[in-house]
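> Quick one: sequence plus predicted model below, questions after.
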Amino acid sequence: MKRLLSVCILLLLVCLAFNDAYSQAVDLKVVAVSPGLRSSGYPNFSAPAAGTPNYVSTGLRTVGKGMKVYLKADTAGSGATKVTSYAWTFVSKPSGSTAAFSDAAKDSVTFIPDVTGTYIVQIAVNGSAKTHVDTITASTYKGITTLTESCICHGGSPTFQDSYTNWKKSKHATVFARGMTGALENSEETHYKGVYTKSCFRCHTTGWESLTNNGNFGYLANQGATAVPPTSFDSTWWKGLPLEGGDYLIPYQDSTLWKKLTPQMQAVGSIGCESCHGPAADHATTADKKKISVSADGGTCNQCHEAPKKHSIGYFWRESAHSNMKLSSHESNRAQCWPCHNGMGFIQLTTAWKENRKMTSADSAKVDPNFKSISCAVCHDPHGNSNTASIRYMKIDTLINGFKIPTGAGGTSQLCMNCHRGRVNGPATVRTQMGRFNDRFYPHYSSQTDMLFGTQGWDFGLGLERLSTHTGLKNGCVTCHMSERAVTEGYTSLQHDHNTAMSENGVDKVEGCVECHGGISKFSDIKASFDYDMDGTLEGAIVEVEGLLHMLKAKLPLDAAGEPVTMRADSMKVRTYATTNNLNYKSLIASLWNYNYVSHDMSVGVHNTKYAVALLRASLGLVTGVDIDPLPVPKTFELSQNYPNPFNPATEIRFALPKSSDVKLVIYDVMGRIVSTLVDQNLSMGSHRVTWNGRDQSGKVAASGVYFYHLQTDGFSATKKMVLMK
């Protein structure tokens, strides 16, 4: 009988596997629901009523007993077939379970696993025309104690030991203990006492849900654990502490509160392994790998980092292209594309780099080709490390064309540069195309690093390489693309913008630019040094670059879509165009490359205005037959009026040098006293700009009033007036 039962189960699993492999028109997704999404009722689930469990979900397939599971039928693969019905069923569930779906006929449902064990769920659409099956494991929390801190079986693994050692020192491991002992946000304003409140417990401990009995911290704190009668720690811990602004002040390094926790509460009094991998009591008992989860999905982090108002990083990230990259089957299934088009692939790449080796087929085998997200855990190591924000630091020292990046350039954004760089050698590709037009002829769409450092364009022998505008930014990409969002946007604390886009709802995000460019409100406020597009008007730098792109495009052969030629199918158009317009074919090829290189950078010259302008003007001169200087040089010394003026808190001062010169630029007050020396060095010929941040030599904020800025060079001096207004 047992043998027959085993055979039946085996046949069932085979059928399920077959069904899963060949019926991909419907997929079953476990939905992550953050505190912010849950409180809003998103996506199709009701918001929690007062006094009921909040039921946040990590989106993992290992969940706490009694915690709500959110499921969604994904019918994106159905094509033209309209889905008219849904049917959710349990193929099997643990003995004694009475779990039921919220509404088995909807595309989105929930259920609560009321018994520990395995739940096999199935979604069928259109009367079982297509089905999909998945497994959810319910367990309880074990926590991390002195007896289990090596997670028992993992103690002998060097990889685990490295991760665990880093985690023990990380903010994830220590934040709750630090909060309980007065080590968070203590300052002179708080009389050097720590700031803490109960709402912090939810994210600073493991598995919080105060009304659900599965070993999580919230329930233990609410019940008083083994205390008789219950002490209800969560409603008594604050008694006797001073209250300021809704937060309690805890004496620094006072361990009184921590000692009030029972050993069981202390074991889950951190953001521990189970916070990100799911409750592990059954996994620890059976060593069954299917009873624990490993996921790099952003939903795991968003259980804390996407909460209303104060912790909103998840909101910003979900707005980004990183959160759901649109991949073709070509990109998602090619191992050479994985490191950048697949977050799990990038994690494997950083792991290989850390171990001083190349990525192998064994690494690739660990990658889910359908993982589209560049999520939190892709760029930040959740176990922690010694890097800023625990980023998975990967230095990059050489680009594909052999260009050597200056040591330390880019700071933390070197991680970004591993993907946002060219995939082909630009000059070599141009030389090849001059002889034979390959399948496609354009740079990779992520050549931002190449543009930033001024390389990979075709410079026609003019020595334009290394022209740069923004390579001096301490943290490169991060400085501008991840600047802090303003509190005035409705958030109660400054948050780094993980959207990474540089505009939102038609408004430019200039927060990262203000320090250098003064009080601007949009990118076009940053004026160009010259009328580069020669339309008779000195405009914003990006407007000048747009003008050059339009001018060059009008002089290039176009494909059927009206864009400059990139594909071999249109290669004859290039030769015909060159012949018809009496142009040098090789120069035309190089100009096509430069146009696509600048446009594919997608910053309209912001990443490197000097280099973009030089490439476009040089190309334009060749295809028009007009002698155009790639970068015009000032004919005279000039000191421009500062902008903006009046200003607060910063303003930009521009000056032009027709030759290299020793330069001194000094700010004076109305009494003739030196307030700040902005420049005191030898500078090359060309246009220069410098920002005064409204502070004196000692760093103190200058008073409102009239100031003078004086420029002294070899054979030229000038003074202008400006007003600092508050």
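Everything's here; your move. Numbers count the residues shown, from 1 in each chain.
> where exactly do the strands run in the stretch 201-350 of the chain?
243-244, 247-251 (DSSP state E, counting those that start in this stretch).
> I'd like to know which elements the last one is packed against.
Same thing as strand 247-251. On a contact count with 3 or more C-beta pairs under 8 Å, 6 or more residues apart in numbering; DSSP states H and E, strand 247-251 meets strand 193-196. Any C-beta I mention is one placed from the backbone N, CA and C, and that applies to glycine too.
> Give the pairing partners of the strand it packs on; include direction for each.
In the sheet, strand 193-196 lines up against strand 247-251 (antiparallel) (DSSP bridges).
> Which parts of the partner strand count as buried, going by neighbours?
Going by neighbour count (16 or more other C-beta atoms under 10 Å), the buried part of strand 247-251 is 247-251.
> With stretch 58-77 instead?
58-73, 75.
> show me where pLDDT drops low in the stretch 351-500 of the chain?
Low-confidence segments of the stretch 351-500 of the chain, defined by pLDDT under 70: 486-494.
> How about the contacts made by residue 724?
Contact analysis of residue 724 by C-beta atoms under 8 Å, 6 or more residues apart in numbering lists 646-648, 694, 702-705, 707.
> With residue 645 as the reference, measure out to it.
9 Å (C-beta to C-beta, to the nearest Å).
> now residue 693, nearest residue through space, not along the chain?
Distances taken as C-beta to C-beta, 6 or more residues apart in numbering put residue 650 closest to residue 693, at 4.8 Å, once the chain neighbours are dropped.
> Who are the contact partners of that neighbour?
With contacts defined as C-beta under 8 Å, 6+ apart, residue 650 is in contact with 514-515, 518-519, 691-694.
> Pick out the most distant pair among these.
For those, with distances taken as C-beta to C-beta, the pair at the greatest spread is 514 and 692 (12.6 Å).
> Those two: which has the busier surroundings?
residue 692 (23 against 16; other C-beta atoms under 10 Å).
> show me what contacts that one?
642, 650-651, 653, 667, 676, 678, 709.
> one more time with 7 Å, if that's ok
650-651, 653, 667, 676, 678 (C-beta atoms under 7 Å, 6 or more residues apart in numbering).
> quick one: it from residue 709, how far?
Distance, residue 692 to residue 709, using C-beta to C-beta: 7 Å.
> Just give me the neighbour total for the closest residue to residue 409 other than its chain neighbours.
Excluding the flanking residues, the one nearest residue 409 by C-beta to C-beta, 6+ apart is residue 471, at 5.8 Å. Neighbour count for residue 471, taken as other C-beta under 10 Å: 17.
> Run a quick check on residue 108 versus residue 69, I expect a contact.
No: counting by C-beta atoms under 7 Å, residue 108 stays clear of residue 69, with 11.6 Å between them.
> By mean pLDDT, flag the weakest helix or strand of the chain.
Every helix and strand in the chain was compared by mean pLDDT, DSSP states H and E; the lowest is helix 2-22, with a mean of 43.
> Quick one: name whatever helix or strand follows it.
The helix or strand immediately downstream of helix 2-22 is strand 27-30, counting by DSSP states H and E.
> Tell me how far the closest residue to residue 60 other than its chain neighbours lies from residue 584.
Spatially, and ignoring its direct neighbours in sequence, residue 60 is nearest to residue 293 (4.0 Å; C-beta to C-beta, 6+ apart). Residue 293 sits 61 Å away from residue 584, going by C-beta to C-beta.
> and what of residue 411?
42 Å.
> Looking at the two, which has the bigger crowd around it?
residue 411 (15 against 12).
> Quick check: phi and psi on residue 655?
Backbone torsions for residue 655, taken as degrees, to the nearest 10, come to phi -150, psi 160.
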